[in-house]
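Q: return a 3D structure for these sequence lines:
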Amino acid sequence: MTSLYNNKEASKFTIDLDLRVYTSRLLGQDSSLVLHGGGNTSVKSTATNLFGETEDILYVKGSGWDLATIEAEGFAPVKMNMLLKMAELKELKDPDMVKYQRLAMTNPSAPNPSVEAILHAIIPFKFVDHTHTDAIVTITNTDNGEDKIKELYGDKVLIIPYIMPGFVLAKLIYNMTRDIDWSKLEGMILMNHGLFTFNDNAKKSYEKTIELVDKAEKYLAEKGAILDIKESDSNIELLKLAKIRAEVSKLKGKATISILNDSSEAIHFSQQNLQKIATQGPLTPDHVIRTKRVPAILGDDFKTDLANYVKEYKKYFQNNKTNEVLLNPAPNFAILSGNGTLSFGGNAKEANIIKDINNHTFEAILKAEKLGGYKALSATNIFEVEYWSLEQAKLKKGGNSPEFNGKVALVTGAASGIGCAIAKMLNSRGAAIVALDINPEVESIFCKKDAIGIKCDLTSSEDIKNAVYKAVKSFGGIDIVVSNAGIFTPSENLDVLSDDNWQKSIDINLTSHQKLIKYTAPFLKLGIDSAIVMVASKNFPAPGKGAAAYSVAKAGQTQLARIAALELGEFGVRVNTLHPHAVFDTAIWTDEVLTNRAKAYNMSVQEYKTNNVLITEIKSDDVAELVCAMAGKPFAKTTGSQVAIDGGSDRII
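A: Just a heads-up that it's a prediction; the model follows:
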């Protein structure tokens, strides 16, 4: 491991807190040091209060911030004298500690200080860096881990036996360090937890972390704890993935994203003696609020395996509880014997965090096995953190979930116009999105953890099957299909209608929708409150001259939706159709086209846009709102319906 500290870059920061932000981000960008909010940093400085008095302030990472992206406002300013007095108390309940730390803040709008703020305060150096470094935690999670740490670092680090985070940890270190010579220490190692380094110089504190971690990495290599993993492929069936997701969603009582990890590393781990290495516990106890203590191990009879997991979790709860309330007993991740792993989350972000944690944990466990055997903390220790009130509070901060949280929506024609608006609105309301379009730009438009864009020719069965494969692998299944893609063909009367014009409209405006239903229906049957929304056209109820190719295809699409509603209803899949008209904020309606069309009708552009009963303009977002309604609760008990969105057309009315 090498230092990323850049003297030229660092010279730009003259304020203590700005320099603290800089080195914190250096730590945060390396996931082997800190992962998804793990670790914390601080700097001791001064501030002038309202009365002109100078106060010693600890700026410590605030709850909810990630070191990789932290800003100055992510650090909570806490009065040092209050923290040091709290350290002298004989005992203090953690909720009270959080309350009094907040009372000691000089900015009430800042985030809650880290639960380790007192610990940062008692370390007598300006800069303090705390990481959950994989390499060091791997060594501590082995038989005789403490002896290995002593062998590696000698007396240059202070070794802290594992104890519950919070006030008791701060108090333990306070008592252990009252009479030590801090100048002789290069750091502190908290068993099964992580590393602290410190210095009055930001660079030296940061680089001491890098130096100590580098030693740990080299130690692992020297001891043969190196992984040699061959390329492997998973042979898990796609429908089985959807069935597992459906069962887990049932156990959790809500729609759940399920992400397959079929990397060579994950497959290699899933081929080990899982009962030995995968059932001991997480790499560090703070991971438990994400991953639970252990995964479900799924074989051919996954329903029985999941049911047994729930029974075992309840037994674990009963064996360790005092007055806690049982959390949902369903697993947060599973190992598919020989085929990789699955991570489950209320949304894609949660599931991806679990996947990332697992990747680091699997590597650490496999290395620990080569170092004498992986040895996690006891179930009792893990339970303490899992049901710790402060950790549970982190999970409850999100408030009410968006309507489509945990659901997977596949939207066609999503690179622009109505389709793009639909995909973005569903995504903003919690759905994971699989956006399809023949335009390759869709891949850059939808390129997030919870939204993927796929170039797809919807007239190609292979392209659609490939898109479905990516959807299920990425998110576990399909719950919503918005069949929106279509084209306007040139206007031609029947007596001159070209074969190419006719066939192109039928292929894209009708047959592609049939193909999409064919290949998504097996997964919609396994989805959560599944729905198909057909985006057809006003040209079905009100066709016009010269539009035979388009109108007939849209009529067929509408009839296709009605038949789908009849066929899929017994599986709980709702199929409804909307007929938009005159949606002008799309790519085909350029300013020039709008001006010419309005002129042809002897209207202004605004009059042309609002030429309907309600005298209102219809926009792509208006259509997207109706799609969300059809996919959501307002249409929960409606199928086979058709709704026009056109501001009211006298031809239809």
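Q: residue ranges of the helices in the stretch 101-250 of the chain, please?
A: 117-122, 134-140, 145-153, 167-176, 202-222, 238-252 (DSSP state H, counting those that start in this stretch).
Q: next, format those helices as a markdown table and append distance to Val535, mean neighbour count and mean pLDDT.
A: For every residue, glycine as well, the C-beta is placed using N, CA and C. Output for these, formatted as a markdown table (distance: least, C-beta to C-beta, whole Å; neighbours: other C-beta atoms under 10 Å; pLDDT from 0 to 100):
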| stretch | distance to Val535 | mean neighbour count | mean pLDDT |
| --- | --- | --- | --- |
| helix 117-122 | 53 | 27 | 98 |
| helix 134-140 | 48 | 26 | 97 |
| helix 145-153 | 59 | 17 | 97 |
| helix 167-176 | 57 | 18 | 96 |
| helix 202-222 | 54 | 19 | 98 |
| helix 238-252 | 25 | 20 | 98 |
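Q: okay, those helices in CSV with distance to Gly556 next?
A: Converted to CSV, the helices of the stretch 101-250 of the chain look like this (distance: least, C-beta to C-beta, whole Å):
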stretch, distance to Gly556
helix 117-122, 66
helix 134-140, 57
helix 145-153, 68
helix 167-176, 68
helix 202-222, 63
helix 238-252, 29
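Q: looking at the ones you listed, which is nearest to Asn339?
A: Among the helices of the stretch 101-250 of the chain, the nearest to Asn339 by C-beta to C-beta is helix 238-252 (9.4 Å).
Q: ok so, going back, which among the helices of the stretch 101-250 of the chain is found nearest to Val21?
A: Of all these, helix 202-222 comes closest under C-beta to C-beta, at 10.1 Å.
Q: what residues does the closest one touch?
A: Identification of contacts with helix 202-222 by C-beta atoms under 8 Å, 6 or more residues apart in numbering yields 1-3, 5, 7, 10, 19-20, 22-23, 26-27, 32-33, 43, 125-129, 131, 133, 135-136, 138-139, 148, 152-153, 157, 186-187, 195, 197-199, 226, 367, 371.
Q: now, of the residues you listed, which are buried?
A: 1, 5, 10, 19-20, 22-23, 26-27, 32-33, 43, 125-129, 131, 133, 135-136, 138-139, 148, 152-153, 157, 186-187, 195, 197-199, 367, 371 (16 or more other C-beta atoms under 10 Å).
Q: what residues are up against the nearest residue to Gln101 once chain neighbours are set aside?
A: Nearest residue to Gln101 in three dimensions, chain neighbours excluded: Pro113, at 4.8 Å (C-beta to C-beta, 6 or more residues apart in numbering). The neighbours of Pro113, taking C-beta under 8 Å, 6+ apart as the test, are 58, 60, 62-63, 76, 78, 101-102, 105.
Q: now the host helix or strand of Leu58, how far from the chain's geometric center?
A: Per DSSP states H and E: Leu58 is located in strand 54-61. How far strand 54-61 lies from its chain's middle: 33 Å, per C-alpha atoms, centre = their mean, to the nearest Å.
Q: who does it touch, helix- and strand-wise?
A: Helices and strands in packing contact with strand 54-61 are listed as helix 16-28, strand 40-48, strand 75-79, helix 80-88, helix 117-122; criterion 3 or more C-beta pairs under 8 Å, 6 or more residues apart in numbering; DSSP states H and E.
Q: could I get these as TSV with distance to Ala471?
A: Shown next, in TSV, are these (distance: least, C-beta to C-beta, whole Å):
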stretch	distance to Ala471
helix 16-28	31
strand 40-48	37
strand 75-79	40
helix 80-88	50
helix 117-122	44
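Q: of these, which approaches His581 most closely?
A: Between His581 and the helices and strands packed on strand 54-61, the shortest gap by C-beta to C-beta is with helix 16-28, which sits at 50.5 Å.
Q: in the stretch 451-600 of the chain, where is pLDDT below threshold?
A: Within the stretch 451-600 of the chain, the set of residues satisfying pLDDT under 70 is empty.
Q: rerun at 80
A: 587-588, 590, 593 (pLDDT under 80).
Q: for it, what spans make up the strands?
A: Secondary structure of the stretch 451-600 of the chain by DSSP state E, counting those that start in this stretch: the strands cover 451-455, 480-483, 531-535, 574-580.
Q: which outside residues touch the longest one?
A: The contact list for strand 574-580 (C-beta under 8 Å, 6+ apart) reads 418, 530-538, 540-541, 557-558, 561-562, 564-565, 568-569, 618, 623, 626-627, 630, 635-636, 638-646.
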